[in-house]
Structure formats: C-alpha cells, structure tokens
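1. here is a sequence together with a model predicted from it:
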Amino acid sequence: MRTPDIAGFLRKNRIWRELGLLLMALAVAGAISSVWFRSKAARDYYQCWAVTRGIEIHSITNIYSPEACAYLDRRLTAEAQASRSDHWRTVAEQGIIGPTGTPFLYSIFKLLSRGNYDADYERYRILSILGYAAAIVALARLAGFGPVAALVLLGLFTVLFYPFQLDALVGNVNQPQLAVLVAAIALAWTRWFSCIGLAGGLLGAAVCFKPNIGLIPFLWGIMWMLDRQYARSVVFGAGFLVGAMFGITLPDTVLGPACSWADWGVASHQRMLNPVYVNDSFIATIAGLQPLPVFRMAGLFIAGGTVCFLILTRRSVQPPVADPSNRRRDDGRQFIAAAYVGFLGYVLASPFTHGHYFMLLIPGLIFLFRPADAERQPRGVLPRHVVAGIAFILMGWHPVFRGLGLTTRGFHSLWTYAGAILAGSLIFLEWGRIRMGARQSPMKPTVEKPATIHTEK
C-alpha cells in the first residue's frame, strides 16, 4: 500500500501549507499561554466586563461618573462574594472600577459577554491569544521567514517579551489591537483597491476602539498622497471614514446613552490631569514635566517631523519598477515602518503609557529581524540583526532589569523607551532608504560592456 506523500502535497499547495502553519502556531501559543499567562486577577479585563454588566443589570446612566463607578463597585463586589467564582471574587476585591475605554471598546465587550465572568474571560483570553499568534506568524511570513522560523519567532515574542506577558496577565486589549493592525498591513500589502479600502475600514474602527493608533492611518494616507498614488489614498480614506462611522454609531445601539462619546471625552480630559497616570510617560520620566501643553507640543513635533520626512523622501521622481513584486514588497515594508513610527510617536508624546503598549511595536522589530535572503543586497544584515536583538532585549526584558536593580519602576522604564527609540532610529534609516530608492532594483536593465578581443600582431 502506497504511503501518502503529505510533505509533497503541502509543498505543492501553498494555501494548505499556510493553514497548517497557522494551526501549529495557534497550538503553540495556546499551550504557552495556558501554562504561564493565566491570570486570576485580570484587572483590565474586569474593568470592561464590569462596565457592560453595570449598564445591562444595574441601569447605570453615566458609566464614566465617579459616583456611578463607586456604586457599581459596591454592587459587583457583593455579587462576587455571593458567587462561586474565585476569579471574580479575587479581582472584585481590588475595588478598581474606573472606566477609561471608549464607548466602542465597551460595545465590543458587550457583544462578547454572556454574564458569566469566568466563561467570558476565558473566551476573551482564547480569542486574544489566537489573534496574537496569527499576527506574529503573518508578520514573519510577510518578512520572508520560513515556517519553522515563524514558529520560533512566535515562541520568542511569547515567552521572552514582557509587554505581551503583561497584556496577557492584566487582560488588556493590545493583543486584539495587534491582530487588527497586522490584518490591515496584510490587506494594504496586496495593493488591491478593495483590500486597501478594507484596511482603511479596519483602522477606522480600530481608532474608535482605542485612539492610541490614530497616527498610523494618518501617515499611511499622507504617504500615498505624497507618492502621487491619489486613488489609493482616496479609497483608503473612504474606508477609514466608513469604519470610523461604524465605531461611532455602534455604542448608541448596543449600550445606549449610558456610555456616550461626550462623557468619555470629559472623563479622558480629567484623567490627563491625574499625576498617577502621567508619571510613567516618557516626558515625565526624563524631564519631570506634566502640563498638557508639553505633551501636545511633543505630539505635534513628532507628527510634523514625520510628515517632513515623507515630503523630503517622496518617490514621485522615481522611474517605475519593472518587477511589481519588488514594488509591493517595498510598499509593504513602508506600511510596517509607518506603523512603528506612528505608534512610537504616541508612546513618546502621550501622557499615558503602559508596559503592554509596546506590544504594538512588534511589527517593526520583526521587520528588522527579516532574513538576509529577503534582501536585494545582503550587506549590513548582521549589524541590523544585532541592533534589533539589543532593542528586543531592552523592550522585552523589563523584569530582568528590575531584578538587577537597574530600575525600580513597575512595568516599564527608560530601558524600555531606549529599546523602542533604538529600533525606531534604524527603521527610520531603512524607511528613508526604501523611499529614496537607494537600493537598485534587480530588474533594472543593465548595460553590458562589449567584450574586448585582443589579437596578436
């Protein structure tokens, strides 16, 4: 009886090969997460779950008001004590209800919740880790890594990367955010107009979900416009508006007036005045400055400087590239570079920065780790990998630095910021080199010199 050639079948059928790789990645990530990162006190997730329960069960009229939060905290603590859930009792005893998320964020949690804390948390945790694993593998494949290397990267960014571990332990939303961002990158990478519009829609909804990625779609749109790709810029902008309108209107249907955008805006402004949140920001860490105008000026400076960079490196004068795959690859790398720079700008200029935010810089790190065979000119690959490795350690090993006494901060420190800035500096150089066409396309025709024939006299 002839044995089926499974390996040969997978080599000939790319779709099945990629699906098999994805299933392996999900299994690896699920196993790692279930062993190490199962939290009994996922306080960030509990915040979101408590908001949806308060609106649905306890008829809260304004979930962002301090009085409503105190009332809801008392009611849910009493419910938790009377329940059989150890996890619910543990997290409810902390008394930490203080909603800061957008109405659209709470709308999504409302749609995923069924009223049972343990079951709802487990469902969210599984969906988050699956999205995270898919995002890492997709980024690795886009960067040119093989299947085995993609799984190795998934292990590294799961076991040895503290921002992910922190997000998994507190139950924050950076894993779903990363999954949506990578999906948008993959869609825009195709250069198909329908996919570009869908990428814009995803980012529009993602900004309503959590506005800390707002600079990323702005840079993508500006980049297309400066490169005179007006049609793509318009399609992307239209998709973004549709996604944003969906994110703005959904809370009225799902949550009603108890969770309005106006109340969220007032609560967010008041939160910016609270030194407890501002102390961990980059500007407050290095200079001790906390006034809001300082953060606003820093944000405008970073955004304006990036736009000036795009203007100075615009590619409108370049001749067309003969090989479309090279242009698609360079544009895809530009999306990753813009995503890294855009979110790094937020991390450096925002008054709110938490250790798990650095998860959204993973696409840029994988971009720097890309293998040599994905390069047109492999020179400089080793220095790039060394810099990427140092940035990975600085950003991902905060508990090690804290254990060595190099920092006393709880979740991130100047070492974390240093790693992000180091990687960002190299990404800026790579981005500029791509945009200015410093590398010669392998498809560019070359003129061979005629052979010289020497004859003896």
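-> Structure received.
2. quick check: which element contains the closest residue to P103 other than its chain neighbours?
-> With C-beta to C-beta, 6 or more residues apart in numbering as the criterion, P103 has its nearest non-adjacent residue at 3.5 Å, and that residue is P251. Backbone N, C-alpha and C define where each C-beta goes, glycine included. For P251, the host element (DSSP states H and E) is helix 230-254.
3. for that helix, packing partners?
-> Judged by 3 or more C-beta pairs under 8 Å, 6 or more residues apart in numbering; DSSP states H and E, helix 230-254 is in contact with helix 103-112, helix 193-209, helix 215-226.
4. okay, those in CSV with mean pLDDT, mean neighbour count and distance to R89 next?
-> As requested, the helices and strands packed on helix 230-254 are exported to CSV (pLDDT from 0 to 100; neighbours: other C-beta atoms under 10 Å; distance: least, C-beta to C-beta, whole Å):
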stretch, mean pLDDT, mean neighbour count, distance to R89
helix 103-112, 93, 21, 20
helix 193-209, 95, 23, 29
helix 215-226, 91, 22, 39
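5. Y340 is nearest to which of those helices?
-> Y340 lies closest to helix 215-226 among those, at 9.1 Å (C-beta to C-beta).
6. so what touches the closest one?
-> 181, 188, 200, 203-204, 207, 230, 232-233, 236-237, 240, 303, 306-307, 310-311, 314, 316, 334-335, 338-339, 341-343, 345-346 (C-beta atoms under 8 Å, 6 or more residues apart in numbering).
7. and that helix, how far out from the chain middle?
-> From the chain centre to the centre of helix 215-226 is a distance of 17 Å (C-alpha atoms, centre = their mean, to the nearest Å).
8. sorry, back to before: now do the residue nearest to P103 against D118, distance only.
-> 26 Å (C-beta to C-beta, to the nearest Å).
9. how much space is there between G221 and G144?
-> 27 Å.
10. helix/strand/coil for the nearest residue to F428 once chain neighbours are set aside?
-> Nearest residue to F428, sequence neighbours excluded (C-beta to C-beta, 6+ apart): V341, at 6.8 Å. State at V341, reduced to three classes by DSSP: H, G, I helix; E, B strand; the rest coil: helix.
11. tell me where the model's unsure across the stretch 251-400 of the chain.
-> By pLDDT under 70, the low-scoring segments of the stretch 251-400 of the chain are 272-279, 287-295, 315-328, 373-379.
12. and the helices in it?
-> Assigned by DSSP state H, counting those that start in this stretch, the helices in the stretch 251-400 of the chain fall at 261-272, 275-278, 282-287, 292-312, 324-349, 362-368, 381-396, 398-403.
13. hang on, the earlier thing: got a quick PyMOL command for the buried subset of the contacts of helix 215-226?
-> Provided next is the PyMOL selection string for whichever of the contacts of helix 215-226 are buried by 16 or more other C-beta atoms under 10 Å:
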select buried, resi 181+188+200+203+204+207+232+233+236+237+240+303+306+310+314+334+335+338+339+341+342+343+345+346
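14. how about the closest residue to C208 other than its chain neighbours, what does it touch?
-> The spatially closest residue to C208, leaving aside those adjacent along the chain, is G247, at 2.6 Å (C-beta to C-beta, 6+ apart). By C-beta under 8 Å, 6+ apart, the contact list for G247 reads 102, 104, 204-205, 207-209.
15. and which of those residues is nearest S268?
-> Proximity of these to S268 (C-beta to C-beta) peaks at T102, which lies at 8.8 Å.
16. show the pLDDT at the closest one.
-> T102 carries a pLDDT value of 93.
17. was I right about it contacting K210?
-> Yes - counting by C-beta atoms under 8 Å, T102 does reach K210; the two are 6.7 Å apart.
18. closest to S65 out of the helices of the stretch 251-400 of the chain?
-> Comparing those by their distance to S65 (C-beta to C-beta), the top pick is helix 261-272, with 7.6 Å.
19. chain center to the closest one, what's the gap?
-> Chain-centre distance of helix 261-272: 24 Å, with C-alpha atoms, centre = their mean.
20. and if you look at stretch 93-106?
-> Its chain's C-alpha centre and that of stretch 93-106 lie 21 Å apart, by C-alpha atoms, centre = their mean.
21. and that stretch, how far apart are its ends?
-> One end of stretch 93-106 to the other measures 22 Å (C-alpha to C-alpha, to the nearest Å).
22. can you tell me what sits against it?
-> Outside stretch 93-106, the residues that touch it by C-beta under 8 Å, 6+ apart are 41, 43, 46-48, 50-52, 55, 63-64, 69, 72-73, 76-77, 80, 173, 205, 208-211, 247-248, 250-251, 255, 259-261, 264, 267-268, 271.
23. now stretch 354-362
-> For stretch 354-362, using C-beta under 8 Å, 6+ apart, the contacting residues are 135-136, 139, 157, 161-164, 166-167, 170, 172, 174-175, 177-178, 181, 212-213, 280, 339-340, 343-344, 347, 395, 398, 410-412, 416, 420, 423.
24. what's the spacing between it and its chain's center?
-> How far stretch 354-362 lies from its chain's middle: 7 Å, per C-alpha atoms, centre = their mean.
25. in stretch 396-404, what's buried?
-> Under 16+ other C-beta under 10 Å, the buried positions of stretch 396-404 are 396-398, 401-402.
26. tell me the one among the residues you listed nearest to W88.
-> W88 has its nearest neighbour among these in H398, at 29.1 Å by C-beta to C-beta.
27. got the contact list for the nearest residue to the closest one once chain neighbours are set aside?
-> What sits nearest to H398 in space, not counting adjacent residues and going by C-beta to C-beta, 6+ apart, is Y162, at 4.8 Å. Counting by C-beta under 8 Å, 6+ apart, Y162 touches 355, 396-399.
28. from G101, how far out is Y162?
-> In this view, Y162 and G101 are 23 Å apart by C-beta to C-beta.
29. quick one, phi/psi of the closest residue to A42 other than its chain neighbours?
-> Take A42 and drop its neighbours on the chain: the residue closest to it by C-beta to C-beta, 6+ apart is G171, 3.1 Å away. The phi and psi torsions at G171 (degrees, to the nearest 10) take the values phi 70, psi 40.
30. wait, G171 sits on Y121?
-> Yes - applying C-beta under 8 Å, one finds G171 in contact with Y121, separated by 7.0 Å.
31. spit out the residues that contact these two alike.
-> Counting by C-beta under 8 Å, 6+ apart, the common neighbours of G171 and Y121 are 42, 45.
32. quick one: average pLDDT of the helix or strand where G424 lies?
-> In the assignment (DSSP H and E), G424 maps to helix 414-435. Across helix 414-435, pLDDT averages out at 90.
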